[in-house]
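# After the sequence you'll find the predicted model.
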Number of protein chains: 2
Amino acid sequence: MDAKAILREHITKTISIPDDQFDHVFSHFKLQSYKKGQTVITEGTFVHAEYFVIDGCLKSFFINDNLKMFILQFAMPTWWVSDYSALYSGNKATISVDCITDATVLSLANEDREKLCKEFHAVEHFFRWRTNKGYVASQKRLLSLMNNDARHRYEELLNLYPQLYNLVPKHLIAAYLGISRETLSRLYNNS
Amino acid sequence: MDAKAILREHITKTISIPDDQFDHVFSHFKLQSYKKGQTVITEGTFVHAEYFVIDGCLKSFFINDNLKMFILQFAMPTWWVSDYSALYSGNKATISVDCITDATVLSLANEDREKLCKEFHAVEHFFRWRTNKGYVASQKRLLSLMNNDARHRYEELLNLYPQLYNLVPKHLIAAYLGISRETLSRLYNNS
DNA sequence: ATAGCTGTGTGACCTACATCACATTCGAAA
DNA sequence: TTTCGAATGTGATGTAGGTCACACAGCTAT
């Protein structure tokens, strides 16, 4: 299935949209390929677009003053990723996005999204629901972080995304869970 | 300023809307008063509405198996609060909402919000942006929870919402920060 | 093949915070 | 004004997870 079909299928889970309208919408997306390790959004620079993942795996992450990394999101196919705080506000990025594997994405510029939302009520509806889901997921993760210990969160993550176990280096999983790589290593080895 | 004017002012920060349209929108809201301690959403029951705070302070919270409480949000005037996970999905609530002080809110039923979003493109736009902001705030809090220690998060909270210090009992602030009330007490005494 | 880098395991030790127990203060109701 | 419960302070002690240090395995590029 090509990028266009994947996006179409993704969108039509939330709204229905006639072919010609979708063609118009799709014309605003740009297909981009990245190599493993390449950076898509760099902390400290302006953010112009958000990205819909077609293939591969990206991460959005924050690096604190002690150079410790925290991962906000692993972005798998059909997920959206960006620094939304920076994108919506027009400020410089505080988080970065890069590629854990070779990746193909569809990029959508901020002003194109806003233009499309204005043109088509249904597109606005789609993006409202996409963010709704993101918001709910983020709240869930907040609760889990406060409520559950590291082992519990680790099992939760692997249940939700079994692919991650083989796809993503363990120290990145630790950075997502909010624990050190050593603690993660001990979690699944010593009992 | 009455409830209608407060809502109008709140909405027109994001969209512009003619008087007659706003009147129609407003007619779907129901003004409700609660006493301190009253419950607005009860865990385990179905959720039908979301709430726009006119006056007072509410909290949305989760209680785990050990009866430990975690606060997701303090809802102050012009904030929205509900169990959005339950509201959007139609499932029973996993979090509760109650009143820290006497409170006045405008309730908006889920199907009325969806109806209004369908009727007026601008209303859909408004709700998209409201959720955008919530999503960004939630991500920020996630990062802070992973990145910063308790003292840092405490100061962050008080900077952002100085009113909370006098308005809200300390053990609730602790439940928001994800620490025990004892630890919070030690934070600002034995400094 | 060798060098070098990235990822991972593991021991020793440290620390922020939790938990438990009890004392104290304060505000609201009787 | 007394009483009672909710909120808060504080000491003693426990523990999950962090940090540091070092070992070693497996790629990749020369």
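Everything's here; your move.

# CA atoms for contacts and neighbours, from now on please.
OK.

# Give me every residue in chain A lying close to chain B.
A:62, A:64, A:70, A:72, A:84-85, A:121, A:124-125, A:127-129, A:131-132, A:134-136, A:138-139, A:141-143, A:146-147, A:178 (CA under 8 Å from any CA of the partner chain).

# ok, and does the lowest-mean-pLDDT helix or strand in chain A reach over to DNA strand C?
One helix or strand of chain A scores below all others by mean pLDDT, DSSP states H and E: helix A:164-167, with a mean of 91. No - residues of helix A:164-167 are not located near DNA strand C by CA under 7 Å from any atom of the strand, the shortest gap being 8.3 Å.

# Buried residues, that helix. List them.
Using 16 or more other CA atoms under 10 Å in any protein chain shown as the test for burial, helix A:164-167 gives A:Leu164.

# got it, and stretch A:78-92?
Those would be A:78-88, A:92, for stretch A:78-92 by 16+ other CA under 10 Å.

# low pLDDT regions in chain A?
Filtered on pLDDT under 70, chain A yields the residue ranges A:191.

# Please enumerate the strands of it.
A:29-34, A:39-41, A:49-55, A:58-63, A:69-75, A:80-81, A:96-99, A:103-109 (DSSP state E).

# Report the buried residues of the fourth one.
Taking 16+ other CA under 10 Å as the neighbour-count basis, strand A:58-63 is seen to contain the buried residues A:58-62.

# where does chain A come near DNA strand C, residue by residue?
A:168-172, A:182-186, A:189-190.

# From those residues, which land in helices?
Of these, the ones assigned to helices by DSSP state H are A:170-172, A:182-186.

# Mind putting the residues you listed into CSV with distance to B:Val97 and neighbour count?
Listed next are these as CSV, based on distance: CA to CA, whole Å; neighbours: other CA atoms under 10 Å in any protein chain shown:
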residue, distance to B:Val97, neighbour count
A:Lys170, 38, 16
A:His171, 37, 17
A:Leu172, 35, 20
A:Glu182, 39, 11
A:Thr183, 36, 14
A:Leu184, 35, 20
A:Ser185, 39, 13
A:Arg186, 38, 11
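
# Out of the residues you listed, which are close to DNA strand D?
By CA under 7 Å from any atom of the strand, the members of those lying near DNA strand D are A:182-184.

# what's the closest of those to A:Tyr161?
Comparing these against A:Tyr161 with CA to CA picks out A:Leu184 as the nearest, at 16.7 Å.

# wait, isn't the closest one in contact with A:Ala174?
Yes - look at A:Leu184 against A:Ala174 with CA atoms under 8 Å: they come within range, at 6.0 Å.

# Following the record's annotation, map out the domains of chain A.
A:1-124, A:133-191 (automatic domain parsing).

# Reformat those domains as TSV; add distance to B:Cys117.
Converted to TSV, these look like this (distance: least, CA to CA, whole Å):
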stretch	distance to B:Cys117
domain A:1-124	9
domain A:133-191	17
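
# so of those, which one's packed in deepest?
domain A:1-124 (a mean of 18; mean count of other CA atoms under 10 Å in any protein chain shown).

# Which residue comes closest to the spatially most central residue of chain A once chain neighbours are left out?
With distances taken as CA atoms, centre = their mean, A:Val81 lies nearest the centre of chain A, 3.3 Å away. The shortest distance from A:Val81 to any residue other than its chain neighbours is 5.3 Å, reached at A:Tyr51 (CA to CA, 6 or more residues apart in numbering or on different chains).

# For that neighbour, give me its contacts.
By CA atoms under 8 Å, 6 or more residues apart in numbering or on different chains, the residues touching A:Tyr51 are A:80-82, A:105-108.

# Mind putting the buried residues of stretch A:78-92 into a markdown table with distance to A:Glu9?
Rendered in a markdown table, the data for the buried residues of stretch A:78-92 read as follows (distance: CA to CA, whole Å):
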| residue | distance to A:Glu9 |
| --- | --- |
| A:Thr78 | 9 |
| A:Trp79 | 13 |
| A:Trp80 | 14 |
| A:Val81 | 18 |
| A:Ser82 | 21 |
| A:Asp83 | 24 |
| A:Tyr84 | 23 |
| A:Ser85 | 27 |
| A:Ala86 | 28 |
| A:Leu87 | 25 |
| A:Tyr88 | 26 |
| A:Lys92 | 32 |
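
# Could you pick out the residues of chain A near DNA strand D for me?
Contact residues, chain A versus DNA strand D (CA under 7 Å from any atom of the strand): A:149-151, A:178-184.

# Tell me how far the residue nearest to A:Val81 lies from A:Lys59.
12 Å (CA to CA, to the nearest Å).

# Nearest residue to A:Arg141 in space, ignoring adjacent ones along the chain?
Closest residue to A:Arg141 apart from its sequence neighbours, by CA to CA, 6+ apart: B:Leu142 at 7.9 Å.
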